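# What would the 3D arrangement of this be:
(one chain, ligands or ions: 1)
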Amino acid sequence: MTQINVQPGIMEIALYQGGQSALAGVTEVVKLSSNENPYGPSEATKAAFAQSGLALHRYPGTDHAGLRAAIAEVHGLDAERIVCGVGSDEVLQFVAQSFAGPGDEIIYTEHGFSMYPILAHACGATPVKVAEKERVVDVDAILAACNAKTRIVFIANPGNPTATMLAADEVARLADGLPASALLVLDGAYAEFVEGYDGGAALVEARSNVIMTRTFSKIYGLGGLRIGWGYAPKEVIDVLNRVRQPFNLSDVQLQTAEAAVRDQEFMRWCRSENTRLGAWLSEALRAAGVEVDESFTNFILARFASPEEADSCDEALKAEGILVRKVGGYGLPNCLRITIGDERACRRVAHTVKQFKRVEA
Ligand SMILES: *Cc1c(COP(=O)(O)O)cnc(C)c1O
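Residues are numbered from 1 along each chain as shown. A predicted model of the protein is given here:
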């Protein structure tokens with residue numbers, strides 16, 4: 001009989017739970033469970049997508065030069081230090097696979113993105129969860145958890161599902177305090193939602209131990225197409241490119257993403273709508289008696305008095321065809337994560353939560 005051995009860590013993986021997208025019996029669902037752009041990609045991006053599918057018999061390029069050049073130009077970065085992946089999740093996977101293995105530790109935080117422990121287990125490393133302080137990453141707690149086995153520290157800034165942000169000087173202090181064996185990964189999936197924030201790019205350029213990841217899935221409205229990128233010191237990029245499959249991205253992905261990043265006017269419009277509606281919805285929820293931290297992202301973390309109240313509000317929203325995200329798995333059982341949708345969606349959420357709190361009172 002064959003003896004099949006699974007590699008260390010893999011059976012520890014708890015499968016990632018995506019946001020719910022359908023409700024039985026409801027045809028017009030308002031999906032606010034996956035932090036997607038409610039407007040979809042820009043017109044220029046859709047046109048590039050339509051145009052890009054005309055040579056499906058050809059293999060794509062392997063060096064992603066066009067997309068890297070576009071990203072570098074738009075963000076003022078060095079194209080040689082950019083790597084592109086199937087979503088930023090794949091870039092995070094390259095990092096874990098390249099720099100950690102059995103016996104090593106990967107640090108993530110209490111309410112950190114659930115992909116981090118999955119990636120740690122997948123490469124056989126040990127995920128180490130560190131407490132946050134009032135839903136904000138705690139630099140001292142991370143530094144205290146570091147030791148000679150620490151290889152990677154994953155933090156999302158701004159954070160998901162907390163929507164909070166760590167100040168630039170705190171992030172620099174974290175990078176400076178890490179052991180020489182460890183890399184700091186700054187997951188910038190929501191960086192574009194903060195005007196004037198570079199996602200940590202300057203820190204990458206000033207240090208040898210910092211990696212930034214970015215995505216086309218959120219503000220650019222391309223979650224369905226799977227494109228992300230990373231920015232890191234050249235020596236790190238050289239390592240990541242060895243584990244990256246040569247044809248990881250199709251021409252459809254590459255050309256569509258290039259058009260997306262070049263359409264900064266659309267990006268800015270999405271950001272300003274998100275800021276305007278996020279502020280409005282946060283106020284509306286607070287007025288209804290729900291606690292909300294300031295959001296630096298395209299979602300709001302609504303805090304209820306108890307897990308039961310959060311569950312009942314989730315049911316009330318579902319009854320109106322509105323899908324949000326339960327975040328008990330992130331150590332936040334009394335919270336709901338609500339993506340900031342378009343104006344109509346925000347009004348529907350505010351109305352439903354207000355009604356819910358009124359009936360409950
Ligand atoms: C959405 C998200 C990502 C992006 O994932 P993609 O693979 O690029 O779609 C990464 N990190 C965090 C924290 C996210 O919320």
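
# ok, longest helix in this structure?
Secondary structure of the chain read by DSSP state H shows that its longest helix is helix 264-287.

# how about the strands of the stretch 151-300 of the chain, start to end?
Taking DSSP state E, counting those that start in this stretch as the test, the strands found in the stretch 151-300 of the chain are 183-187, 210-215, 228-231, 291-292, 299-303.

# what's the burial count for residue 50?
By other C-beta atoms under 10 Å, 11 other residues sit near residue 50. Backbone N, C-alpha and C define where each C-beta goes, glycine included.

# Correct me if wrong, but it is in a helix.
Yes. With DSSP: H, G, I helix; E, B strand; the rest coil as the criterion, residue 50 is assigned to a helix.

# Residue 143 contacts residue 174, doesn't it?
Yes. Using C-beta atoms under 8 Å, residue 143 is in contact with residue 174, at 7.1 Å.

# ok, these two, which is more surrounded?
Just comparing residue 143 and residue 174: by other C-beta under 10 Å the higher neighbour count belongs to residue 174, 24 against 18.

# for that one, what are its contacts?
Going by C-beta atoms under 8 Å, 6 or more residues apart in numbering, residue 174 touches 139, 142-143, 153, 155, 166, 184.

# make it 7 Å
139, 142, 184 (C-beta atoms under 7 Å, 6 or more residues apart in numbering).

# That one and the ligand, how far apart?
17 Å (C-beta to the nearest ligand atom, to the nearest Å).

# Starting from residue 244, give me the distance back to that residue.
27 Å (C-beta to C-beta, to the nearest Å).

# about what we covered before: next, format the strands of the stretch 151-300 of the chain as TSV and append distance to residue 32.
Shown next, in TSV, are the strands of the stretch 151-300 of the chain (distance: least, C-beta to C-beta, whole Å):
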stretch	distance to residue 32
strand 183-187	21
strand 210-215	18
strand 228-231	22
strand 291-292	15
strand 299-303	8
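
# And the average pLDDT for the longest helix of the chain is what?
Mean per-residue pLDDT for helix 264-287: 98.

# The closest residue to residue 353 other than its chain neighbours - how many residues pack around it?
Distance criterion C-beta to C-beta, 6 or more residues apart in numbering; nearest residue to residue 353, sequence neighbours excluded, is residue 288 at 5.2 Å. Counted with other C-beta under 10 Å, the neighbours of residue 288 add up to 19.

# wouldn't residue 288 be in contact with residue 357 here?
Yes. Using C-beta atoms under 7 Å, residue 288 is in contact with residue 357, at 4.7 Å.

# what does the stretch 201-350 of the chain put close to the ligand?
Within the stretch 201-350 of the chain, the positions near the ligand by C-beta under 6 Å from any ligand atom are 215, 217-218, 223, 228.

# For the closest residue to residue 126 other than its chain neighbours, give me its contacts.
Excluding its sequence neighbours, the residue lying closest to residue 126 (C-beta to C-beta, 6+ apart) is residue 105, at 5.0 Å. Neighbouring residues of residue 105 by C-beta under 7 Å, 6+ apart: 125-126, 128, 149-151.

# Looking at the residues you listed, which one is closest to residue 334?
Ranked by distance to residue 334 (C-beta to C-beta), the contacts of residue 105 are led by residue 128 at 25.1 Å.

# Only the buried residues of the strand or helix carrying the closest one, if you could.
Here residue 128 sits within strand 126-130, counting by DSSP states H and E. Neighbour counts over strand 126-130 (16 or more other C-beta atoms under 10 Å) mark 126-128, 130 as buried.

# Equivalent analysis for stretch 162-175, please.
For stretch 162-175, using 16+ other C-beta under 10 Å, the buried residues are 162-166, 170-172, 174-175.

# what's the answer for stretch 208-227, then?
209-223, 225-227.

# next one: stretch 333-344
So for stretch 333-344, counting by 16+ other C-beta under 10 Å, buried means 334-341.
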